[in-house]
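# When you get a sec, could you give me coordinates for this:
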Amino acid sequence: MSLTRERIEGLAPDQASLAAALKLVKPTSWPVLAASSDADTLWGECQGSGATPYRVVTAADGGGYKCSCPSRKFPCKHVLAVLWLRVDKPERFETASPPQWVEDWSARRRGSGGRPGRPKTEGDGAAAAPSLDAALAEAATTTTADPKAAARAEAQRERIKAEREAAILAGLDELDRWIADQLNQGLADFATRAAAAGRTLSTRLVDAKAGGLAGRLDALGTELFRVGDERRADLAIERLGAMTLIASAYRHQDRLPAPLREDVRRAVGWSVRREELLADTAAPRATSVWIVAANRSEVQPDKLRRLETWLVNASHDLSQPRTAVLIDFVPVSGGGAGFPFAPGEVIGGEIVFYPSAAPLRGLLASRKTGAAAAWPRPLPGLAPALQDYAAKLAALPWLEHWPLLLSDVALRTAGKGTLVITDAGGAAIAVERSQIDQLVPLLGLDHISLLCLWDGRTAQVLAADTPLGRWHHED
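So this is what the prediction gives:
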């Protein structure tokens, strides 16, 4: 069955889906848009509101499709947009060899006989059938907002912002009092009472729109029980001290440099929308070839799954950021959520970093398929990377961990149940005990390169480049 406008209308679950798809039929939404050489399969990557694009693949006639977005409509607006573009703007599709994720979908589809499009039957409901022309007409008749209404809306936004600022400051006062109470009680048994003691305050911080600090408080109890008894008091002091420092910095944010002020506001709970960040001309940017080093997943106390995609800059330009992390959040209740890129994949594109005293988290602003890339070789040994960590910690005192990009190091055992990263000069740092079994294949290899997450005490190895090949951490 050939693809026509009528076919797309027949596939659409409702008129609203077509209207939403129309908003995506623009070049900036699709950094990747391609078709297989036999024109039977279409795929693309659509920039959504998250850090990484949604991946869409569909049969050319719409008879089968898949999208990584969380929509409960089938097909979703992204699939409809790809089909709409194929009909109206076929020149936008480059002919290319399908990437692995498209090949995997095609293989599953062949095995299951394909997925049929949504059938239309009589009696589907009294509502009019979805129409592309209706979606275009609705978009064309959209009028500019009344200036007075726009002014009232802006005044309303400013009022809500001022109310939130006042609520946050009140919440910070409660946080200070709570921390003082905990110190007065002593920290000997703080780990056992941390979760219960912080639950009420966490709820109040959420009500005060200080969700970032509430999240830190919720995570504290779990963090304390992940470490040994000998470290709990020190870790408690570090985390409580960081929250006190963030609260103090927020009260005096007008005296801080702009990047650090942005750090403080995000730490408290303010967020930056994707559109705002991409439009920020002052935000740090780096266009390069990026190697997908690792994927990490963690379930947060707020029932959201945090998905981290760690990237290494393959460029030899040392003025560019050497690493970046793309972060997305999905509800745990939504089931499993896949990562947008596989470890080892190579991406060419621009990353826009959130303004920060220590830029690391970013958004993928543009994307193209990257060729094979050599792993970068920073200065050898541990010292340069640890000095970089110290500089970042000085710039952002509540920094919890930082990526270390190492070269010419080795993994060695150091007593029972202990693994260390060591260099030619004999310097060494400890590796997380939970990783020992995973890292056994890397033992005995010399002159390897590593990407690690370092918290000042232990390192979590995310990726390794060795004479025998690459190793990637993947949740």
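
# Setting aside sequence neighbours, what's the nearest residue to Cys452?
Nearest residue to Cys452 in three dimensions, chain neighbours excluded: Ala459, at 4.0 Å (CB to CB, 6 or more residues apart in numbering). In short, each C-beta sits where N, CA and C put it, glycine included.

# Backbone dihedrals for the one you found, please?
Per-residue torsions, Ala459: phi -110, psi 140 (degrees, to the nearest 10).

# what's the answer for Ala197, then?
The phi/psi pair for Ala197 (degrees, to the nearest 10) is phi -70, psi -30.

# All further residue positions should be reported with the first residue as 29.
Shifting the count to begin at 29 puts that one at Ala225.

# before we move on, the earlier item: so how far is Arg405 from the residue nearest to Cys480?
Distance of Ala487 to Arg405, computed by CB to CB, to the nearest Å: 19 Å.

# what's the answer for Gln43, then?
From Gln43 to Arg405 the distance is 55 Å (CB to CB).

# ok, the two, which is more surrounded?
Taking neighbours as other CB atoms under 10 Å, Gln43 and Arg405 compare with Gln43 leading, 18 against 12.

# Just to check, that one is in contact with Asp161?
No: between Gln43 and Asp161 there is no contact under CB atoms under 8 Å: 10.9 Å.

# And the residue lying closest to Gly239 once chain neighbours are set aside, how far from Val234?
Sequence neighbours aside, Gly297 is the residue nearest to Gly239 in space, at 4.1 Å (criterion: CB to CB, 6+ apart). Computed as CB to CB, the Gly297 to Val234 distance reads 9 Å.

# which neighbours do these two share?
Ala242 (CB atoms under 8 Å, 6 or more residues apart in numbering).

# Next, count neighbours for the residue nearest to Gly239.
20.

# which ones are touching it?
Here Gly297 is in contact with 196, 237-242 (CB under 8 Å, 6+ apart).

# need the next SSE after whichever strand or helix holds Ile355, C-terminal direction.
Ile355 belongs to strand 351-359 when elements are defined using DSSP states H and E. Using DSSP H and E, the next helix or strand after strand 351-359 towards the C-terminus is strand 374-381.

# what does that following strand rub up against?
Against strand 374-381 from outside (CB under 8 Å, 6+ apart): 59, 305-306, 308, 311-320, 339, 342, 349, 352, 354, 369, 387-401.

# of the residues you listed, buried ones?
59, 305-306, 311-314, 316-320, 339, 342, 349, 352, 354, 369, 387-393, 395, 397-398, 401 (16 or more other CB atoms under 10 Å).

# Could you chop the chain up by domain?
As given by automatic domain parsing, the domain ranges for the chain are 33-168, 175-295, 310-397, 411-500.

# Tell me where the stretch 379-503 of the chain is predicted with low confidence.
Residues of the stretch 379-503 of the chain that meet the criterion pLDDT under 70 lie in 397-398.

# Name the SS class of Gly454, please.
coil (DSSP: H, G, I helix; E, B strand; the rest coil).

# And the helices in the stretch 179-328 of the chain, which stretches?
Listed in chain order, the helices of the stretch 179-328 of the chain (DSSP state H, counting those that start in this stretch) span 218-235, 239-254, 257-279, 286-296, 302-307.

# Which one, of those, ends up nearest to Leu39?
Among the helices of the stretch 179-328 of the chain, the nearest to Leu39 by CB to CB is helix 302-307 (27.9 Å).

# What is the least confident helix or strand in this protein?
helix 160-168 (a mean of 69; mean pLDDT, DSSP states H and E).

# Go ahead and flag the most central residue of the protein.
Ile355 (1.1 Å; CA atoms, centre = their mean).

# What residues does it make contact with?
Ile355 neighbours (CB under 8 Å, 6+ apart): 79, 334-337, 389.
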